[in-house]
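S.K.: got a predicted structure here, sequence first:
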Amino acid sequence: MTVPSGGDGEDAERVMAVLAERAAKLALPEEEPREAVLADILIFRLAHRRYALEMKYIREVFIIREITPVPGTPEYIAGICAVRGEIVSLVDLRILFAIPQKGLTDLNRVIVLTDGRITFGILADYITDIGTVPTDDLAPAEPGEDLIDERYIMGVADGQLTVLDAAAILADPRMVIDDSRQ
Amino acid sequence: MTGSDEEFERRLLETFREEAEEYLDAITEGLVELERAGASAGLPLIESVYRKTHSLKGAARAVNLRTIESVCQNIENIFALMKQGGTPPDAETYDRLHQAVTVVRMLLAWADDPSVPTTEVIAMLRESRLLLDGGKSVGAAAGPSPGQMAHPGQKDTAPEPKERGTVRIAAHKLDRLIAGADALLTTRLFLTQRMLELEDMFTRFSLWQWNYAQVGHDLRQLREATSETTGAALPPAFVLPLERTMEFLEYNREFVRLLQHDLGSHMRGTELDRSALEASTSEISDLIHDAVLVPIASILTPFSGFVREFSRTSGKAVEFIVEGGEVEVDRRILEAVADPLRHLIRNSIDHGIERPETRVQHGKPPAGTIRIWISPLTGSSVRIEVADDGRGIDGRVVRRAAVGKGLIGADEAGELTEDAAMRLIFRSGLSTSPFVTEISGRGLGLSIVEESVTRLGGTVGVVSTVGEGTTFTLAVPVNLATLRGVVVRSGRQIYVVPMQSVRQVSRVRREAILQQDRRPAIRFQGEVIEAIRLHEALGAAGASPLSDRHEQIPVVILSHGAGRIACMVDEVIRVQEIVVRPLGSQLRCVRLIEGAVILGNGNVALVLDPLELVQEALAAERSPLPAGPTGKVRRSVLVVEDSVTSRSLLQNLLERAGYYVETAADGMEGFAILKKHEFDIVISDVDMPVMDGFTLTEKIRANPRLARLPVVLVTSLDLPEDRDHGIAIGADAYIVKAGFKQPDLLDIIDSLMRGRH
């Protein structure tokens, strides 16, 4: 796992912050052991990093062979494709979240997200694994640590897996393209 | 299970709503007719409306909608009195009855919403009943006697007996049937494509035969050599293996022949099945599209109530006449023209028909007439005329209003023909009515009317004589049936233009393109019309290399209303049936794009919105067309990459850098393209299905014509062994994807090209 590191000074500051947080935690009275709420997740790779999405928002996953670009849509709409006769639009999260692009990756896996109201696919480089995470025990995303805006992050599991907030992505007003509403 | 109970109840309610709508339409129609005809209409009509109300009441009770039931009961009471032949009801009573019908409609839509004035309407109806009754028959004051109730009784709660051989089908089921028929059409298209691919496969056998014949002589020699024991120079150890190989080759030849034969007979069989499927699919599709035809009267009938209400609120007397209501049109088209028609009628009442006193002064009858006349046109369309005998539209007033709103210049207004001036009323922002009333006159309506009708592939026209009246004429298609579209390529993409707005497909010579106000234009049917390059108008990526090379440019002439444009494309591929699909829940409405179509090869093509395309092209500022072919020969690159996103990224990058780019999805496809066309360089991925990049490189190096072609491998394999292998088999450069930088690739290509020439 490669974590892009900042300058040394910044790292030192972060170490101090983590230590301070731990100290604060230890000072608290021990909590009652709770039943962890586990959520099924799908882990994928995008722009050389690992991310996860909650399985309950995922309709299907497939490899894309052909994308039809739709002119006049924002750049983060990669285009459309047909899934068993249904047209599904595709979102490039790298552009939506302004993740700096380096190198050339496959980006030909599609994860179809839906909340019943809106459905679209997001492009990924590779589907790595499925697994579970305790949703109520995720570490908060540290500002600046991740390349993605914290609004779209549920939290970080095991200090290295960024669990994206599928509900927040689906509900993002930028996700609906409607030219009739000027 | 409660779930299925709820579902059952929901379906019951849905059925009731559909049924109730029909009853309400009939009641409204009856009321209007009764008031117009007065007592002369007589008992049969009263009886009919009475029974409709009664049936509605029964149906409401069956689904436990007590409020609707009670309003119906009160309407019924009034009719019961009318049947007894008491005082004929006055206009106010009719008003109240219409209001009661409106309340029932509201109750249908919003159930027991407290804002629905149910109690008020019931109180008014009771009051009317007392007035009508006039104390004449005390016994009847309590409502119809049980005996009278029993007469139309239970029998009528069941739907009216329909024509024999007719069944009721829910609209949503019909929609699903249409969708199913459309899906069949798509499958049929796929199958046709498969057949073409199979035929292509079949012809490859002749290549095999030719190759086999080439070695025929050698084989014969070998056979002789193995059979002749005498004088053969063959080492004895080779004789047996060679004999076995020869046997296998013989078996192999038979095997391939048999395979060819089997494939051939399967193809003939499949072709037969396909044509059978084609015939039955066409029949199903035609039938189902006929099944959705309904008489126009079904949308016009509710209008009579609305005409009555609006003429009353605007203090005018209006008679509403419908002729030709039995003409049948696709339900979906009717739904789309209902609003435009309603708007035209409102306009006529509000702007057209004068007040009774004014009419009398002008020697007209006090009551105005709005007449809707439907007649079938040739082909599969109908004409709907909305005519009033009101004050008409004054061309001078329209011109003045248009100049006032800045839509046209004052000098322009003078030059307009009367027809052209009249067409101005369809421009948004123009209303000639001095008073903006609640009903109409916001100056947007007519442009919306034109837009909705044009969207259906129809037209709107207007003729008016001052003092005599105005007639709007709509022509709309009878059914949406199967749409056809012109499949074109512009730039890198395939688009489909719906056939109904295509006037003509042709070619123009490059020299024939004119410059009008520094914008390209062509001459079409003696008229100069604007020309656009399709992919540019859409703002799509990708240069169009071909149009720069050819002397003749394919054009598609589009028309919408009075506007016409010429779309310059790179290729007109074919005309085919299309099933337009929405772009999904995310792309709700995209500028210039109406939807998408799945083509026979499974790829998705965008369907253009001709209306917006014409509107935008006529409005937009555009750059002039370059004078002609640049003359500069562009370097060509073949990109071989299986990931669609990487492929288009590389293509975009190279095209922006000025190269002509073709693409392939694997080594096999890439090699086939290389054999057909000349390229200056190949950029290839390594890890690909069918044939990988290493094999492709080896094949290029082994081919005498291609041996010196530069090959750049762009790969995710970053081990030194892989790189060494790539260079060893003859790749000129090896770029690892993880460290890929766009300028680096361009630099490498540049230096390799320079080395070559």
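M.R.: Happy to help now that I have it.

S.K.: which ones are touching the residue in the stretch 201-350 of chain B that chain A sits nearest to?
M.R.: Nearest residue of the stretch 201-350 of chain B to chain A (C-beta to the nearest C-beta) works out as B:T281 at 15.6 Å. For every residue, glycine as well, the C-beta is placed using N, CA and C. Neighbouring residues of B:T281 by C-beta atoms under 8 Å, 6 or more residues apart in numbering or on different chains: B:181, B:184-185, B:188.

S.K.: what is the nearest of those residues to B:S452?
M.R.: B:S452 lies nearest to B:A181 out of the contacts of B:T281, by C-beta to C-beta, at 25.1 Å.

S.K.: you'd agree that closest one is up against B:S285?
M.R.: Yes: using C-beta atoms under 8 Å, B:A181 makes contact with B:S285 at a distance of 4.6 Å.

S.K.: circling back: show the pLDDT at the residue of the stretch 201-350 of chain B closest to chain A.
M.R.: pLDDT, B:T281: 85.

S.K.: what helix or strand is it on?
M.R.: Per DSSP states H and E: B:T281 is located in helix B:236-291.

S.K.: show me how far that helix is from its chain's centre.
M.R.: Mean-position distance between helix B:236-291 and its chain equals 38 Å (C-alpha atoms, centre = their mean, to the nearest Å).

S.K.: now the element after it, going C-ward?
M.R.: strand B:293-295.

S.K.: buried stuff in that following strand?
M.R.: B:P295 (16 or more other C-beta atoms under 10 Å in any protein chain shown).

S.K.: what do you get for stretch B:459-466?
M.R.: Under 16+ other C-beta under 10 Å, the buried positions of stretch B:459-466 are B:459-464.

S.K.: next one: stretch A:52-63
M.R.: Judged by neighbour count using 16+ other C-beta under 10 Å, the buried positions of stretch A:52-63 are A:52-54, A:57-58.

S.K.: quick one: contacts of it?
M.R.: So stretch A:52-63 is contacted by A:39-44, A:83, A:108-115, A:119, A:127, A:130-131, A:133, A:135, A:154, A:157, A:161-164, A:166-167, A:170 (C-beta under 8 Å, 6+ apart).

S.K.: now, which of those residues lie close to chain B?
M.R.: On the criterion C-beta under 8 Å from any C-beta of the partner chain, A:108, A:119 are the entries of the contacts of stretch A:52-63 that sit beside chain B.

S.K.: give me the distance between whichever residue of the stretch 101-250 of chain B sits closest to chain A and B:L293.
M.R.: Across the stretch 101-250 of chain B, no residue is closer to chain A than B:A183, which sits at 6.4 Å (C-beta to the nearest C-beta). B:A183 sits 21 Å away from B:L293, going by C-beta to C-beta, to the nearest Å.

S.K.: can you give me the angle the helix or strand hosting B:N211 makes with helix B:236-291?
M.R.: Using DSSP H and E, B:N211 maps to helix B:171-214. Orientation of helix B:171-214 against helix B:236-291 (axes from the mean of the first three to the mean of the last three C-alpha atoms, to 10 degrees) gives an angle of 150 degrees.

S.K.: tell me what the helix or strand following helix B:171-214 is packed against?
M.R.: Sequence-wise, the next helix or strand downstream of helix B:171-214 (DSSP H and E) is helix B:216-227. Applying 3 or more C-beta pairs under 8 Å, 6 or more residues apart in numbering or on different chains; DSSP states H and E, one finds that helix B:216-227 contacts helix B:236-291.

S.K.: farthest pair in the buried residues of stretch A:52-63?
M.R.: Within these, two members stand farthest from each other by C-beta to C-beta: A:A52 and A:Y57, at 11.5 Å.

S.K.: gap between the residue of the stretch 101-250 of chain B closest to chain A and B:F205?
M.R.: 34 Å.

S.K.: mind listing what B:I333 touches?
M.R.: Residues counted as contacts of B:I333 (C-beta under 8 Å, 6+ apart) are B:456, B:476-480.

S.K.: tell me the angle the one helix or strand it maps to makes with helix B:236-291.
M.R.: B:I333 belongs to helix B:331-347 when elements are defined using DSSP H and E. Put simply, helix B:331-347 runs at 40 degrees to helix B:236-291, going by the same axes, to 10 degrees.

S.K.: so which bits of the helix or strand that comes right after helix B:331-347 are buried?
M.R.: Per DSSP H and E, the first helix or strand lying C-terminal to helix B:331-347 is helix B:356-361. Using 16+ other C-beta under 10 Å as the test for burial, helix B:356-361 gives B:356, B:359.

S.K.: cool, stretch B:268-279 as well?
M.R.: Buried residues in stretch B:268-279, counted by 16+ other C-beta under 10 Å: B:R274.

S.K.: do stretch B:710-727 as well
M.R.: Neighbour counts using 16+ other C-beta under 10 Å place B:710-717, B:722-723, B:725-726 of stretch B:710-727 among the buried residues.

S.K.: ok, residues contacting the helix or strand B:E530 falls within?
M.R.: Element membership of B:E530, judged by DSSP H and E, is strand B:527-533. The contact list for strand B:527-533, computed with C-beta under 8 Å, 6+ apart, reads B:490, B:513-514, B:516, B:519-523, B:544, B:547, B:555, B:557, B:564-568, B:613, B:617-618, B:622, B:625.

S.K.: past that strand, which element shows up next along the chain?
M.R.: helix B:534-538.

S.K.: what distance separates that next one from the centre of its chain?
M.R.: Centroid separation for helix B:534-538 versus its chain: 20 Å, with C-alpha atoms, centre = their mean.

S.K.: mind giving me the packing neighbours of it?
M.R.: Packing partners of helix B:534-538 (3+ C-beta pairs under 8 Å, 6+ apart): strand B:483-490, strand B:493-498, strand B:563-568, helix B:610-619.

S.K.: possible to save those as CSV with mean pLDDT?
M.R.: Shown next, in CSV, are those (pLDDT from 0 to 100):
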stretch, mean pLDDT
strand B:483-490, 87
strand B:493-498, 92
strand B:563-568, 88
helix B:610-619, 81
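
S.K.: which of these sits closest to B:V575?
M.R.: B:V575 lies closest, by C-beta to C-beta, to one member of the helices and strands packed on helix B:534-538: strand B:483-490, at 5.4 Å.

S.K.: ok, and of the contacts of B:I333, which contact chain A?
M.R.: With C-beta under 8 Å from any C-beta as the criterion, the contacts of B:I333 include none near chain A.

S.K.: convert the C-alpha atoms of stretch B:522-535 to PDB, please.
M.R.: Output of stretch B:522-535 as PDB, limited to C-alpha atoms (Å, rounded to 0.1, in the frame of the first residue of the first chain):
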ATOM      1  CA  ILE B 522     -26.000  25.300 -49.300                       C
ATOM      2  CA  ARG B 523     -28.700  25.800 -52.000                       C
ATOM      3  CA  PHE B 524     -31.600  23.500 -51.500                       C
ATOM      4  CA  GLN B 525     -34.800  23.600 -53.700                       C
ATOM      5  CA  GLY B 526     -34.000  27.100 -54.800                       C
ATOM      6  CA  GLU B 527     -33.500  28.300 -51.300                       C
ATOM      7  CA  VAL B 528     -30.300  29.100 -49.400                       C
ATOM      8  CA  ILE B 529     -30.200  27.200 -46.100                       C
ATOM      9  CA  GLU B 530     -27.600  27.100 -43.300                       C
ATOM     10  CA  ALA B 531     -25.200  24.200 -43.100                       C
ATOM     11  CA  ILE B 532     -23.700  22.800 -39.900                       C
ATOM     12  CA  ARG B 533     -21.100  20.100 -39.300                       C
ATOM     13  CA  LEU B 534     -22.900  17.700 -37.100                       C
ATOM     14  CA  HIS B 535     -20.200  16.800 -34.600                       C
END
